[in-house]
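Trainee: Here is my input; please provide its structure:
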Amino acid sequence: MSQQRLKIEVARAALKYVEDGMTLGVGTGSTVNAFIDELASSGVRLEAAVSSSEETTQRLEKIGVRVIDLNQTGDLELYIDGADEVDEHKRLIKGGGGALTREKIIAAASRKFVCIVDASKCVGVLGEFPLPIEVIPMARAMVSRKLVGMGGRPELREGFTTDNGNLILDVRNLDLVDPVRVENEINQIPGVVTCGLFAKRGADVVLVATENGIESR
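Mentor: The predicted model follows:
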C-alpha cells in the first residue's frame, strides 16, 4: 500500500472522533490534508475550526468550514494532527511543516489530542528526524550556540519564515532519551519561541496506519 493510501486510511479512521457541532482543532501537514479531504466528504458539520497554519485555514475554508481564532473559544474538545515522529509513550516530534508553535498552543488548549500517522513515523527513541525549533530572528546565532553546547547540530531552514514571522532551526544529534527534560531545557533559552518536542503534552491517542490496518495506541 502506498504511503499516500496509508495517510488516507488513517485520516478516515480519525473521523470517528469528530462529532457534529464540534469546534475542532486542526493541525498541519500532508496527513492532515488527507483528513480535511475526508472531512469534506464525511457529511459531518462542524460549528467551526481552529487552525494551526495559514495553509490549513485555506483548505478548511475551501470545504466550507468556518475558521475562528482560539481567543474566540474556550478549551477545545478535540485536536487532530500528524507528527514527524512518535515514540511508544505517545511523545512526538512535530514541526516539519513549520507550524509547531501554533500546533503546540492548540494541543495545550485541547482536551483530547488524536495524532494520525503512518507506520514509518513510529520510532523507539525520538531524534532521527531533526528537531525543529522556532526562534526569534535576532536570537538565531545565540540560540544556535546554546544548542551546540547541548550536543546538537543546528541548521537554519533556508528560505523559510513561520506564519509568526520567525525562523526555524532544525537540530540533529540531540540526545532525546529524556525528551521532557530536553523540551524544558530548550524552551528556557531566551529567543526560543518553542521547540518541536511534544513530550510534556504528547498525544492522547495515536492512530497508526499499517499494511494490516489501523492500530490505536
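Trainee: got any ranges where the protein has weak pLDDT?
Mentor: Applying pLDDT under 70 to the chain picks out no residues at all.
Trainee: tell me the centre residue of it?
Mentor: Residue closest to the average C-alpha location in the chain (Cα atoms, centre = their mean): residue 94, at 4.5 Å.
Trainee: got the contact list for the closest residue to residue 131 other than its chain neighbours?
Mentor: Closest residue to residue 131 apart from its sequence neighbours, by Cβ to Cβ, 6 or more residues apart in numbering: residue 171 at 4.6 Å. Any C-beta I mention is one placed from the backbone N, CA and C, and that applies to glycine too. Taking Cβ atoms under 8 Å, 6 or more residues apart in numbering, we find residue 171 in contact with 130, 131, 132, 133, 147, 152, 153, 154, 155.
Trainee: can you count the residues close to the third one?
Mentor: To tie it back to what came earlier, the one meant is residue 132. 25 (other Cβ atoms under 10 Å).
Trainee: tell me the secondary structure for it?
Mentor: strand (DSSP: H, G, I helix; E, B strand; the rest coil).
Trainee: mind checking how far it is from residue 43?
Mentor: According to Cβ to Cβ, to the nearest Å, residue 132 and residue 43 sit 35 Å apart.
Trainee: ok, and the closest non-adjacent residue to residue 144?
Mentor: residue 154 (4.6 Å).
Trainee: which stretch of helix or strand covers that neighbour?
Mentor: Secondary-structure assignment from DSSP states H and E places residue 154 in strand 153-156.
Trainee: partner strands of that strand, parallel or antiparallel?
Mentor: According to DSSP bridges, strand 153-156 has the following sheet partners: strand 167-172 (antiparallel).
Trainee: can you dump the C-alpha coordinates of the strand it pairs with into PDB?
Mentor: Written as PDB, here are the backbone C-alpha positions of strand 167-172 (Å, rounded to 0.1, in the frame of the first residue of the first chain):
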ATOM      1  CA  LEU A 167      12.900  31.300  11.800                       C
ATOM      2  CA  ILE A 168      13.300  27.600  12.200                       C
ATOM      3  CA  LEU A 169      16.500  25.800  13.300                       C
ATOM      4  CA  ASP A 170      16.500  22.100  12.500                       C
ATOM      5  CA  VAL A 171      18.700  20.300  15.100                       C
ATOM      6  CA  ARG A 172      20.300  17.000  14.600                       C
END
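Trainee: Name the residues of it that are buried.
Mentor: Using 16 or more other Cβ atoms under 10 Å as the test for burial, strand 167-172 gives 167, 168, 169, 170, 171.
Trainee: now swap in stretch 138-148 and tell me
Mentor: 139, 140, 143, 144, 146, 147.
Trainee: Save the residues you listed as TSV, and put in distance to residue 48 and secondary structure too.
Mentor: TSV is the format used below for the buried residues of stretch 138-148 (distance: Cβ to Cβ, whole Å; DSSP: H, G, I helix; E, B strand; the rest coil):
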residue	distance to residue 48	secondary structure
139	35	helix
140	36	helix
143	35	helix
144	39	helix
146	39	helix
147	38	helix
